[in-house]
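Enquirer: what's the 3D shape of this:
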Amino acid sequence: MTTDSGEGLAASLLTALGNRVVRKIEALDEVTVEIRVSDLIEAMRILRDHPALKFEQLIDLCGVDYSAYRDGAWENGRFAVVYHLLSISKNRRIRVRVFVPETPMLLVSSVNDIWPSANWFEREAFDLFGIIFDGHPDLRRILTDYGFVGHPFRKDFPISGHVEMRYDEATRRVVYQPVSIPPREITPRIVREPHYGEV
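Expert: Numbering: from 1, shown residues only. Now for the predicted structure:
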């Protein structure tokens with residue numbers, strides 16, 4: 001098994017991906033590359049198949065809502081999909097980020113044909129953020145009810161939700177009704193002792 005520095009990996013990435021890389025970020029010994037949504041499938045195949053890269057495994061995929069990031073001063077897109085890839089043969093990790101065009105239908109190509117492990121991760125991102133993965137073989141909710149309305153990991157989704165569920169004795173079944181808890185903002189208070197965490 002071989003390892004190399006972040007600089008070596010970044011150079012290999014830029015050589016293999018070329019102008020498909022919109023931005024490259026190196027921080028905390030980790031490399032993140034940002035790819036255009038139109039180049040996603042081609043770039044992912046290169047990352048998997050290129051002999052200098054060989055990212056054989058997708059270990060995670062998640063949606064991100066940047067709407068409240070940096071106190072609203074974020075200038076890039078609101079929604080992104082982040083892929084975490086692992087090269088077992090090269091002993092490397094990389095993060096790939098794709099910003100989703102803000103249209104009524106948040107659409108990204110599925111990478112399920114490249115890495116079958118993407119299946120449930122893409123379903124989760126669809127369920128929680130409303131991102132649609134074009135070409136997914138079975139894109140349906142995975143964590144919420146099939147009749148659930150909305151996407152609970154979006155920053156504008158109310159903490160208490162829109163409906164609540166209860167058992168109705170009169171009808172002898174579970175019913176949904178509007179939330180009876182008044183909405184409120186919960187801001188955690190952080191209390192730290194002086195010199196907390198110092199060695």
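
Enquirer: need phi/psi at Ser87.
Expert: Here is the backbone geometry of Ser87 (degrees, to the nearest 10): phi -100, psi 110.

Enquirer: tally of neighbours for it?
Expert: The local packing count at Ser87 equals 20, with neighbours defined by other C-beta atoms under 10 Å. Bear in mind the C-beta positions are built from the backbone N, C-alpha and C, glycine included.

Enquirer: what does Ser180 give?
Expert: For Ser180, the count of nearby residues is 8 (other C-beta under 10 Å).

Enquirer: residues contacting it?
Expert: Contacts for Ser180 were tallied using C-beta atoms under 8 Å, 6 or more residues apart in numbering; they are Glu164.

Enquirer: and what about it, helix, strand or coil?
Expert: Reducing the assignment at Ser180 to three states with DSSP: H, G, I helix; E, B strand; the rest coil gives coil.

Enquirer: against Val64, how distant is it?
Expert: Separation of Ser180 from Val64 (C-beta to C-beta, to the nearest Å) stands at 32 Å.

Enquirer: and Arg23, by the same measure?
Expert: The span separating Arg23 from Val64 equals 15 Å under the rule C-beta to C-beta.

Enquirer: the residue most distant from the middle of this structure, which is it?
Expert: In terms of distance from the mean C-alpha position of the chain, Ala170 ranks first, at 42.8 Å (C-alpha atoms, centre = their mean).

Enquirer: alright, calling it a day.
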